[in-house]
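A.B. asks: just a sequence and a predicted model for now, questions to come.
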Amino acid sequence: MYRVEKLVDHSQAAVEKAVSTLLSALQTESAAVSNDAEYKVFRDRWLARSNGILTQLNDLWLKASPKDAKRIVGQAVNTVRSNVEREVTVECRARLDSGNAQSPLEASRVDVTLPGIRRPLGAEHLVIRTMNDIVSVFRDMGYSVGEGPEVETDYYNFESLNFPPDHPARDTQDTIFIAGQQSRPQRDRLLLRTHTSPVQIRTMEKQAPPVRIVIPGKVHRHDTPDATHSPVFHQVEGLAVDEGITFCDLKGTLDHAMKAFFGPKVRTKFQPSFFPFTEPSAEVYVSCIFCGGKGCRICKQSGWIELLGSGMVDPALYGFVGYDPEKVSGFAFGMGVERFAMLMYGLDDIQQFYLGDVRFLEQFA
């Protein structure tokens, strides 16, 4: 009787051979079914949710395979799943029914133990799954989740974040403005938000310190699509404001978050940078998760991968929300979700997320 064994060799040829062996066993067992009692045992053996062969495939083949083999193994598991479900629920049942001489009453009987007609359910998109994973790390640290509008005003997207009109840092945002607003004051003009930072301002306007919030969402910039840029992408930003918060709290928080996301062995490095709404500011690097910091093609032999920006909230921002900069301090950070997903799943083209190619998406279902 067929048993699912853990894959040792993850090459294309080895995986195809394992699939062939499994499907051959499926046909043999299906042909041996001769009555309803045997069919129930056969069906449960292959399709049971708790310990059916399809469930075992997910655990022993797909989940146990290395990252570079998940595409091959995932395609194989999908092929097996469709063949098994068709053979068990359609082919075997049809052969069994055709061999039974039933009375009209028996033919009209409904077997309530048979699986119903299931609508195929989708799975989380890779970007949404990664974003939820990031958010869950910070939620476990006590952060609440905030949301805000994607169509923002110039005031919330720029001015209240220390981007006054004609500030040179506005040029780096490549903003997509809503047309036909020339008659409006500058601060009231509408645009597609270039970051989720406006939600930080909106939250502080409504809530007195302490504030600990993480903000996932879609953002827009007038970028030309290529392997690393998209006019639509996703961010997760965070904010913590309270009495006595220091840069040490920022470093400890992000170091813990990166270890929770990438594993306890990953190291973090902070490098000075500039953002208009934080001072001091820092880019955050993690030791390469592929080479352990030794240097490889992915990290360009540096041993480090840049992942996010961070810094202490500039006291000037507190004036926009009525906080007293003499009493409170805080830090903020922001990261691109697609960048995390590309790193985690070994992808080299951000456009794959948005093409809607089911063949690509099914690998990660």
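C.D. replies: Everything's here; your move.
A.B. asks: excluding covalently adjacent residues, which one is nearest to His125?
C.D. replies: What sits nearest to His125 in space, not counting adjacent residues and going by CB to CB, 6 or more residues apart in numbering, is Leu361, at 7.0 Å. C-beta coordinates here come from the backbone N, C-alpha and C atoms, glycine included.
A.B. asks: correct me, but the one you found touches Leu126?
C.D. replies: Yes: counting by CB atoms under 8 Å, Leu361 sits close enough to Leu126 to count as a contact (7.2 Å).
A.B. asks: so which residue is dead centre in the chain?
C.D. replies: Closest residue to the average C-alpha location of the chain: Thr130 at 1.6 Å, with CA atoms, centre = their mean.
A.B. asks: domain parsing for this structure?
C.D. replies: Here the domain parsing of the chain from automatic domain parsing is 12-107, 126-364.
A.B. asks: deepest of those domains, which one?
C.D. replies: Mean neighbours per residue, mean count of other CB atoms under 10 Å, is largest over those for domain 126-364, with a mean of 17.
A.B. asks: straight-line length of that domain, end to end?
C.D. replies: Domain 126-364 has an end-to-end distance of 7 Å (criterion: CA to CA, to the nearest Å).
A.B. asks: gap between it and the chain center?
C.D. replies: Relative to its chain's centre, domain 126-364 lies at 15 Å (CA atoms, centre = their mean, to the nearest Å).
A.B. asks: average pLDDT for it?
C.D. replies: Mean pLDDT, domain 126-364: 89.
A.B. asks: each with direction, which strands does the helix or strand where Leu307 lies pair with?
C.D. replies: In the assignment (DSSP states H and E), Leu307 maps to strand 304-313. The strands beside strand 304-313 in its sheet (DSSP bridges) come out as strand 278-287 (antiparallel), strand 329-336 (antiparallel).
A.B. asks: neighbouring contacts of the last one?
C.D. replies: By CB atoms under 8 Å, 6 or more residues apart in numbering, the list of residues contacting strand 329-336 from outside reads 134, 195-197, 200, 209, 211, 233-247, 249-250, 253-254, 277-278, 284, 307-313, 315.
A.B. asks: CA atoms of that strand as CSV?
C.D. replies: Output in CSV follows, covering the C-alpha atoms of strand 329-336 (Å, rounded to 0.1, in the frame of the first residue of the first chain):
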residue,chain,number,x,y,z
SER,A,329,9.5,61.6,21.9
GLY,A,330,9.0,58.8,19.4
PHE,A,331,10.3,56.9,16.4
ALA,A,332,9.0,55.9,13.0
PHE,A,333,9.9,53.3,10.4
GLY,A,334,8.7,52.2,7.0
MET,A,335,9.3,49.2,4.7
GLY,A,336,8.3,48.0,1.3
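A.B. asks: report the contact partners of Leu7.
C.D. replies: Ala14, Val15, Ala18, Leu60, Trp61, Ala64, Ser65, Val73.
A.B. asks: got the strands paired with strand 304-313 as JSON lines, with distance to Asp357 columns?
C.D. replies: JSON lines is the format used below for those (distance: least, CB to CB, whole Å):
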{"stretch": "strand 278-287", "distance to Asp357": "29"}
{"stretch": "strand 329-336", "distance to Asp357": "21"}
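A.B. asks: what separates Asp348 from Ala341, distance-wise?
C.D. replies: In this structure, Asp348 and Ala341 are 12 Å apart, going by CB to CB, to the nearest Å.
A.B. asks: Glu16 contacts Gln75, correct?
C.D. replies: No: applying CB under 8 Å, one finds Glu16 not in contact with Gln75, separated by 10.1 Å.
A.B. asks: hang on, the earlier thing: in JSON lines: the domains of the chain, plus distance to Tyr2.
C.D. replies: Formatted as JSON lines, the domains of the chain follow (distance: least, CB to CB, whole Å):
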{"stretch": "domain 12-107", "distance to Tyr2": "4"}
{"stretch": "domain 126-364", "distance to Tyr2": "25"}
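A.B. asks: nearest to Thr113, out of the ones you listed?
C.D. replies: Ranking these by proximity to Thr113 (CB to CB) places domain 12-107 first, at 6.6 Å.
A.B. asks: now do the closest one, average pLDDT.
C.D. replies: 87.
A.B. asks: mind checking how far it is from the chain centre?
C.D. replies: Averaged C-alpha coordinates place domain 12-107 at 30 Å from its chain's average position (CA atoms, centre = their mean).
A.B. asks: check stretch 4-14 too.
C.D. replies: Offset of stretch 4-14 from its chain centre (CA atoms, centre = their mean): 27 Å.
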